[in-house]
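K.L.:
What follows is a predicted structure for the sequence shown.
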Amino acid sequence: MLSWEVIESCLGEWASGVVVANKPGPGDAYRFCVDLVDVNNVTKKVKFPIPFLEEVIENLGERSFS
């Protein structure tokens with residue numbers, strides 16, 4: 001993939017390791033696997049999680065936005 005210039009080498013803190021693994025089953029199928037452990041380590045946690053859609057709709061009730 002590097003020789004085809006589909007991917008490029010990177011050493012930044014947001015870079016992730018990549019492995020191409022054989023996919024189980026007949027034929028020559030491959031799975032593109034990404035190790036996101038390092039990305040998860042530098043990602044800030046969300047202080048205000050997104051509410052469930054059902055809760056949002058319930059809170060809207062019969063309000064009109066016209």
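P.N.:
Received, thanks. Please read these numbers as outputs of a predicted model, since none were measured by experiment.

K.L.:
going forward, measure contacts between C-alpha atoms and count neighbours the same way
P.N.:
Fine.

K.L.:
residue ranges of the helices in the chain, please?
P.N.:
All helices of the chain, identified by DSSP state H, fall at 37-42, 53-60.

K.L.:
Strands along the protein, start to end?
P.N.:
In the chain, the strands defined using DSSP state E lie at 17-22, 30-35.

K.L.:
export the helices of the chain to TSV and tack on mean pLDDT, mean neighbour count and distance to G27?
P.N.:
Formatted as TSV, the helices of the chain follow (pLDDT from 0 to 100; neighbours: other Cα atoms under 10 Å; distance: least, Cα to Cα, whole Å):
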stretch	mean pLDDT	mean neighbour count	distance to G27
helix 37-42	84	11	31
helix 53-60	84	9	41
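
K.L.:
Ok, which of these comes nearest N22?
P.N.:
Among these, helix 37-42 comes nearest to N22, with 21.5 Å by Cα to Cα.

K.L.:
remind me which residues of this protein are low pLDDT?
P.N.:
Applying pLDDT under 70 to the chain flags the ranges 62-66.
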